[in-house]
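> structure here, sequence nowhere to be found:
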């Protein structure tokens, strides 16, 4: 790094270098988006100035009319985007333009594939628009001064987008930022008024700030031509306009502006509420999950405006945590312009708005699930595990959220989570009163679980749940549409009306007939099991382990153990299939030592079938080898 009194040269953060390379080489097929991103950044900077000026009006410096001006020089092949917004100080320039201080950065870079199309979508999820300038420019200069600082505290940042940038102090009388792009030879088209007007109308018409282009006037008496500025966008907040006036393309472009996303949203809901409360909301469902969706400190929430004045980004008080993927804006007429996050957390009006906006979001998802199932499948793939947090967090909307959940099922041939609870209930057998499910570590592990044998025999559908959150979810989701949920691996299975009287009578007779075998097994396995009983679940397997009604399931135990938490002691119930040849041999075994070895082998095999680990693998192998030697000799 070289340093002198005026200028210093600094190296980009490693992540920025990677990102710049990606920007330059992956997005060349859609170059024009760079202008949308730079205009969007200028608009955000204007919003921030308006907000700060509420408490410090002197920041406006006798220049209250905020705007963006875009000019070009064909001879020099340059394009300039200038605003009179908040601007940046020297430290802010270094932090914002030299590093990426954003959660999920390493995850973002780890997911880059080298495939240009896929990587360009990742850029959209990450949202780092300034660097898109290097798609069309081989050098970028930023002249900026933060509102409130003196003219002598202006800053010039410049870089060729390679390994480093220069930064120096300049005199800048006017606040705000001026970005000068030295266009590449193949980007000359952007030093043209008609082309720029076309791009602005296409991508930024909705920006609630005048975007001005020069309208050249013929000079007189050999004087230079004067520049007269004209506004080329609507310059009104899109959400304030009537829905009937707004085209789908305008909604989509506004979403990209709000969410800093490159992809179109899957759905949106635009509503104006009048009466006791007055506010407008425009909510969007993104097509993809951001990398930091599961990071608690990640920014989330809606953009908050009060009477069209921007107040804050990521106001997370208006939606519950399980809807943190919803993007958009809310504009209230009832809140104070000087509202803070602390006031937001306590204001009663916020609770009313949160209730309404939550319902609006769920209605939007519900409508998509019914009328656009293919799009809803994308939502589920991206945000399904987040929605599963809903029943525990939002008791008032538990049933509504449950209706949006999707699961794999024994009626499917693969692990696709596409079965709704409503569809399950429609397919329930005559006399079936409960919704049956099974949780496990993976689909491969539970699709052939012995716990499903009696259900397959009777053609009863079972939901298969393999997400880590599922067992926790089902501790809160106990019923749906009046039907109770039943874990098929838990307790003593009772199929109710699905078992005929003949079946029940036969089960009682078998249980009575095998009382002696139950006692022998109980004596051998007493240290490992809570009890032993004849199973009504099994048709092919010799034995299974059932979980006690109040005990933690295997999934929850494994999660707690992985996080180092103490797991409550519990023992399973050993259930055996009396019709299985192994149990018939075991019942007839006179040698008690051999009986004990076989019983322990069956117990360990049942643990393996349940996805659990064997507590004493060496003893299991020793018993099995002993049995194999007997069979071989």
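Great, that's in hand. Nothing here was measured: the structure is a model prediction, and the numbers come from that model. Numbers count the residues shown, from 1 in each chain.

> burial of residue 461, as a residue count?
Using other Cβ atoms under 10 Å, residue 461 is surrounded by 20 other residues. C-betas here are computed from N, CA, C, even on glycine.

> contacts only, for the closest residue to it other than its chain neighbours.
Distances taken as Cβ to Cβ, 6 or more residues apart in numbering put residue 411 closest to residue 461, at 4.9 Å, once the chain neighbours are dropped. For residue 411, the contacting residues are 419, 427, 461, by Cβ atoms under 8 Å, 6 or more residues apart in numbering.

> SS state for residue 411?
coil (DSSP: H, G, I helix; E, B strand; the rest coil).

> ok, the one 3 residues further on next?
Following three-state DSSP, the label given to residue 414 is coil.

> phi first, then psi, for it.
Dihedral angles of residue 414 (phi, psi; degrees, to the nearest 10) stand at phi -140, psi -170.

> that one: neighbouring residues, count only.
Count around residue 414 with other Cβ under 10 Å applied: 8.

> ok, now residue 538?
The number of residues packed near residue 538 is 22, by other Cβ under 10 Å.

> what's the closest non-adjacent residue to it?
Per Cβ to Cβ, 6+ apart, closest to residue 538 is residue 577, 3.8 Å.

> how far away is that neighbour from residue 279?
Separation of residue 577 from residue 279 (Cβ to Cβ, to the nearest Å) stands at 62 Å.

> and if you look at residue 583?
When distance is defined by Cβ to Cβ, residue 583 is 67 Å away from residue 279.

> can you report how many residues neighbour residue 194?
Other residues close to residue 194 by other Cβ under 10 Å number 8.

> do residue 344 as well
18.

> tell me the backbone dihedrals of it, please.
The phi/psi pair for residue 344 (degrees, to the nearest 10) is phi -60, psi -40.

> so what's residue 427 closest to, chain neighbours aside?
Leaving aside its chain neighbours, residue 427 sits nearest to residue 461 (5.8 Å; criterion: Cβ to Cβ, 6+ apart).

> same question for residue 174.
residue 84 (6.4 Å).

> would you list the phi and psi of that neighbour?
Phi and psi for residue 84, reported as degrees, to the nearest 10, are phi -110, psi 50.

> ranges for the strands of the stretch 451-600 of the chain?
Taking DSSP state E, counting those that start in this stretch, the strands of the stretch 451-600 of the chain run over residues 463-465, 479-480, 483-487, 531-534, 543-546, 573-576.

> nearest to residue 326, of those strands?
When the strands of the stretch 451-600 of the chain are compared by Cβ to Cβ, strand 479-480 sits nearest residue 326, at 23.3 Å.

> which neighbouring elements make contact with the closest one?
Applying 3 or more Cβ pairs under 8 Å, 6 or more residues apart in numbering; DSSP states H and E, we find strand 479-480 packed against helix 398-404.

> quick check: buried residues in the helix it packs on?
398, 400-404 (16 or more other Cβ atoms under 10 Å).

> rewinding a little: what is the burial count for the residue nearest to residue 538?
The burial count for residue 577: 22, using other Cβ under 10 Å.

> for it, phi and psi?
phi -100, psi 110.

> quick check: it touching residue 535?
Yes. Using Cβ atoms under 8 Å, residue 577 makes contact with residue 535 at a distance of 5.5 Å.

> what's the overlap in contacts for those two?
residue 543.

> show me where pLDDT drops low in the chain?
Residues of the chain that meet the criterion pLDDT under 70 lie in 1-6, 13-19, 21-29, 99-128, 216-225, 296-297, 338, 633.

> list the contacts of the closest residue to residue 279 other than its chain neighbours.
Leaving aside its chain neighbours, residue 279 sits nearest to residue 332 (4.2 Å; criterion: Cβ to Cβ, 6+ apart). Residues in contact with residue 332 (Cβ under 8 Å, 6+ apart) are 277-279, 304-307, 349, 353.

> ok, now with 10 Å
273, 277-281, 304-307, 311, 318, 339, 349-350, 353 (Cβ atoms under 10 Å, 6 or more residues apart in numbering).

> between those, which is closest to residue 555?
Nearest to residue 555 among the contacts of residue 332, counting by Cβ to Cβ, is residue 318 at 33.0 Å.

> what's the neighbour count on the closest one?
25.

> for residue 611, same thing?
17.

> so who does it touch?
439-442, 444-446, 449, 554-555, 558 are the contacts of residue 611 under Cβ under 10 Å, 6+ apart.

> at 6 Å what do you get?
Going by Cβ atoms under 6 Å, 6 or more residues apart in numbering, residue 611 touches 440-441, 445, 554.

> can you check residue 77 too?
Going by Cβ under 6 Å, 6+ apart, residue 77 touches 183, 188, 191.

> now it: how far from residue 39?
Distance, residue 77 to residue 39, using Cβ to Cβ: 20 Å.

> do residue 298 as well
Separation of residue 298 from residue 39 (Cβ to Cβ) stands at 25 Å.

> neighbour count for the two, which is higher?
A count of neighbours by other Cβ under 10 Å puts residue 39 above the other of residue 298 and residue 39, at 24 against 15.

> ok, and the closest non-adjacent residue to that one?
residue 204 (4.7 Å).

> and residue 280, what are its bridge partners?
Using DSSP bridges, the bridge partners assigned to residue 280 are residue 272, residue 331.

> what's the burial count for it?
Neighbours of residue 280 using other Cβ under 10 Å come to 20.

> wouldn't it be in contact with residue 272 here?
Yes. Using Cβ atoms under 6 Å, residue 280 is in contact with residue 272, at 4.7 Å.

> in strands only, show me the contacts of residue 332.
273, 279-281, 304-306, 311 (DSSP state E).

> which one is residue 213 nearest to, not counting chain neighbours?
Ranked by Cβ to Cβ, 6+ apart and with sequence neighbours excluded, the top spatial neighbour of residue 213 is residue 232, at 5.2 Å.

> now residue 511: how far from residue 505?
From residue 511 to residue 505 the distance is 11 Å (Cβ to Cβ).

> who's more crowded, the two?
residue 511 (15 against 11).

> show me the contacts for the more buried one.
Per Cβ under 6 Å, 6+ apart, neighbours of residue 511: residue 534.

> list the buried residues for stretch 517-531?
Of all the residues in stretch 517-531, those buried under the rule 16+ other Cβ under 10 Å are 517-518, 520-521, 524-525, 528-529, 531.

> identify the residues contacting the closest residue to residue 465 other than its chain neighbours.
Counting by Cβ to Cβ, 6+ apart, residue 465 lies nearest to residue 439, which is 4.6 Å off, once chain neighbours are set aside. Going by Cβ under 6 Å, 6+ apart, residue 439 touches 465, 470-471, 553, 555.

> same list, those residues, but as a markdown table with neighbour count and distance to residue 242 please.
Converted to a markdown table, the contacts of residue 439 look like this (neighbours: other Cβ atoms under 10 Å; distance: Cβ to Cβ, whole Å):
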| residue | neighbour count | distance to residue 242 |
| --- | --- | --- |
| 465 | 24 | 45 |
| 470 | 23 | 44 |
| 471 | 20 | 48 |
| 553 | 23 | 52 |
| 555 | 21 | 50 |
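
> as TSV, those residues with distance to residue 149 would be great.
TSV is the format used below for these (distance: Cβ to Cβ, whole Å):
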residue	distance to residue 149
465	57
470	54
471	56
553	60
555	56
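
> what's the most distant pair in these?
Top of the distance list for these (Cβ to Cβ): 465 and 553, 10.3 Å.

> before I go, just wanted to say thanks for your time.
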